[in-house]
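> coords please:
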Amino acid sequence: MLKIQRSANGEVVFKLSGRMHAEHVAEFRKLFEPEEKSKRILLDLKDLTLVDRDAVSFLDRCETDGIRLKNCPAYIREWITRQRNGS
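Take a look at the predicted model:
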């Protein structure tokens, strides 16, 4: 299960808790659409406990598109880095 909490204070923060899987990617795209382009989006991953390959690919694309990943667990950061390096 994935829990998403949204807050805004100059930037839009989505705090993620639980497990993120491929089926959540489409949900995030819908969440990001209505956000003003002038506001910065930040994903707080502190309480994210498990991700699959599709979720990591999505997080990588988010970061590439300018969405900041805050409190990214080391294993997720390493997985993103490996994916970018083609390992």
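> wait, what's in contact with the closest residue to residue 11 other than its chain neighbours?
Nearest residue to residue 11 in three dimensions, chain neighbours excluded: residue 40, at 4.1 Å (CB to CB, 6 or more residues apart in numbering). For every residue, glycine as well, the C-beta is placed using N, CA and C. By CB atoms under 8 Å, 6 or more residues apart in numbering, the contact list for residue 40 reads 10, 11, 12, 66, 68.
> gap between stretch 51-69 and the chain center?
On the basis of CA atoms, centre = their mean, to the nearest Å, stretch 51-69 sits 5 Å off its chain's mean C-alpha point.
> now stretch 27-43
That offset, for stretch 27-43, works out to 11 Å (CA atoms, centre = their mean).
> can you check stretch 48-62 too?
In this view, stretch 48-62 has its centroid 7 Å away from the chain centroid, taken as CA atoms, centre = their mean.
> check stretch 31-49 too.
Chain-centre distance of stretch 31-49: 7 Å, with CA atoms, centre = their mean.
> contacts for stretch 22-37 next, please.
Counting by CB under 8 Å, 6+ apart, 2, 4, 6, 12, 14, 41, 52, 53, 54, 55, 58, 67 sit against stretch 22-37.
> the same query, at a cut-off of 7 Å, please.
2, 12, 14, 41, 52, 54, 55, 58 (CB atoms under 7 Å, 6 or more residues apart in numbering).
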